[in-house]
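model this:
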Amino acid sequence: MNSFFQRKYIIQGIILIVALTLIARLFYLQIIDDSYLLSANNNVLRKVIEYPARGIILDRNGKILVQNEPVYDLMVIPKEAKNN
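Okay, here's the model as predicted:
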C-alpha cells in the first residue's frame, strides 16, 4: 500500500515539473522575447498611404467651382541622371 502513495507523489512531481516548464517557456516567448512580436507585426500591419481622389465641387446653380487635375512630381537625383 505504501508503494502506491510513493508513486502518486512521483507522478504529481513529474506533472508539476512539466507544467512549470511550459509556463516558464510561455512567459519567455510572450513577455521577454521580442522576435515573435516583431515578426507578427511585420506580417499583419501593412501601412499604405492612399490619397483619395476628390470629386467635382459644384455651386448651387450647378457651375463647376473646383475639379480634379492630376499633378505629378518629378524628382531628379543629379548623380543618377545621364547627360543627354
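
give me the next element, helix or strand, following the longest helix seen in the chain.
Criterion DSSP state H: the longest helix present in the chain is helix 2-27. Next helix or strand after helix 2-27 toward the C-terminus (DSSP states H and E): helix 35-44.

tell me how far the helix or strand following that next one is from the chain's mean position?
Later in the chain than helix 35-44, the nearest helix or strand by DSSP H and E is strand 57-58. Computed by CA atoms, centre = their mean, to the nearest Å, the chain-centroid distance of strand 57-58 equals 40 Å.

beyond strand 57-58, next helix or strand please.
Next along from strand 57-58, by DSSP H and E: strand 64-66.

give me the low-pLDDT residue ranges for the chain?
For the chain, applying pLDDT under 70 flags the ranges 1, 84.

for stretch 28-41, C-alpha coordinates in CSV please.
What follows is stretch 28-41, C-alpha atoms only, in CSV (Å, rounded to 0.1, in the frame of the first residue of the first chain):
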residue,chain,number,x,y,z
TYR,A,28,9.6,33.8,-22.0
LEU,A,29,8.0,33.7,-25.5
GLN,A,30,5.2,36.2,-24.7
ILE,A,31,6.9,38.7,-22.4
ILE,A,32,10.7,38.6,-22.8
ASP,A,33,11.4,37.6,-26.4
ASP,A,34,10.6,40.3,-28.9
SER,A,35,11.4,38.4,-32.1
TYR,A,36,8.0,36.9,-32.5
LEU,A,37,6.3,40.2,-31.7
LEU,A,38,8.3,42.0,-34.5
SER,A,39,7.6,39.1,-36.9
ALA,A,40,3.9,39.2,-36.2
ASN,A,41,3.7,43.0,-36.6
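
any buried residues in that stretch, and which?
Residues of stretch 28-41 classed as buried: none (neighbour count, 16 or more other CB atoms under 10 Å). Using the backbone N, CA and C atoms, a C-beta is placed for each residue, glycine as well.

still on that earlier bit, and the longest helix of the chain, what does it pack against?
When contacts are defined as 3 or more CB pairs under 8 Å, 6 or more residues apart in numbering; DSSP states H and E, helix 2-27 packs onto no helix or strand at all.

so how far is that helix from its chain's centroid?
Distance, centroid of helix 2-27 to centroid of chain: 37 Å (CA atoms, centre = their mean).
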